[in-house]
Structures are given as C-alpha cells and as structure tokens.
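Chemist: I'll drop the sequence and a predicted model, then ask my questions.
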Amino acid sequence: MTNNNKPWDARFAYRLIYPLRDTFVTPNHLTGLRLICGISAGVFLSLGEYTYSNIGAGLFVLSNFLDHADGELARLTGKMSNNGHYFDLVSDALVNIFLFLGIGLGLMKSDLGAYAGVMGLIAGIAVATIFHLRHEIEKQTGKQEARQPNKGGFEIEDILYFLPVVTFLQLDYYFLILAASGAPGFCLWVAKDYLEKQKSII
C-alpha cells in the first residue's frame, strides 16, 4: 500500500518513529507499550470517576496510535515476524476488551446497573472476535483483503480517537449503548465476509 493510501494516523506514526529506525527500539517494544497503555486505560475508565475517565480516554488514544507505530517501525526496519504480528493481534484484542469492559464497569453506578458491565463485555468480545476474523481472512486471502474500508485516509476504527471528547462531555453512557449494539452487528458483517471468502476458497 502506497503512503497516499495509508490512514492519516499511520502516516503520522511513520514520521514520528522514523528517527527510531537505527536505535535499540524494536516494534515489540512499541507493541508492549501499546498494551500497557491500553490496559491502563481500561483500569482508569473502570473507576467511573470523571477525572480518571478522561485520563483513561487519553491513554487509549495513545495506545491506539502506538498500534500503528509498531507496524510502521517493523516495515521501516525490516523487523517483521510472525511472532511480532501475533503479539500485535493479541494486544489489539486485549486492549479493546479492556476498553469496553472498563467503560461498562465504570457505568455500573448509573441506571444501567450491572447491565453496564455485561454490555461492556459484549462489546469487548465482539471487537476481539472481529480482530480474530480479520486475522483469519488475512491468512487465507492476504493482508489487503483484511483491511478496513479506508475513505479519505480514515478507517472505521478511527472514531475511537473521539473517546476523549466522549468522556469530557460525559457521553460514556450513550457510547456504551451504541457500542453494545453496534459492535455485535459489525461482528456479524465481518463474519459474513469471512464465510463468503471461505466459500470462494473451497
């Protein structure tokens, strides 16, 4: 994929990590940092307090950005490996599960009660399943087929960069409801795509 077709955050990540190309920093270092930031984001969000929720949202945005940085560094330095790719995929799944579960736990004091935790878990599992199905599609048909729709340099998941706005305006409640209903629906769409590609291979 040419640079012009890359998402904007991937292009920005490339510029930032370029000075790291001849240092001791490896893609796995960035993936590990992404995982730590993402899990920490979920923990802060689970506390259900305004200040901590904003900190958690900021950490998640940093984690999401690092998800592009590790891949860009891997391609730039030629340090791509199956283990590194798998580490990246597992980190993607864990970070998103912690994100939505954290939001759900943080909203258990709202009128959603215990349902908030369940809704967060549902959204998190749905997103993790999406990552797994994309990985399976990638293995069978190539990375290009598993890419998210890209329009004008933006991908569907880029909406998560607005999470700090959501927490700042205290819209977490509505965000969780949308995620708990939208993520399973998108998961079904990806599953349908996966099954169609399975049939074409057979």
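Modeler: That came in fine, so what should we check first?

Chemist: all strands for this structure, in order.
Modeler: Per DSSP state E, the chain carries strands over the ranges 150-151, 154-155.

Chemist: longest single helix anywhere in the protein?
Modeler: In the chain, assigned by DSSP state H, the helix with the most residues is helix 172-201.

Chemist: sorry, back to before: what's the least confident stretch among the strands of the chain?
Modeler: Here the lowest mean pLDDT among these goes to strand 150-151, at a mean of 58.

Chemist: wait, Ile122 sits on Pro184?
Modeler: Yes. Look at Ile122 against Pro184 with C-beta atoms under 8 Å: they come within range, at 6.5 Å. Placement of C-beta: from N, CA and C, glycine included.

Chemist: and the two? which has more neighbours close in?
Modeler: More crowded of Ile122 and Pro184, by other C-beta atoms under 10 Å: Ile122, with 20 against 17.

Chemist: Now the longest helix of the chain: average pLDDT?
Modeler: For helix 172-201, mean pLDDT rounds to 89.

Chemist: for that helix, packing partners?
Modeler: Helices and strands touching helix 172-201, as assessed by 3 or more C-beta pairs under 8 Å, 6 or more residues apart in numbering; DSSP states H and E, comprise helix 82-106, helix 114-141, helix 163-168.
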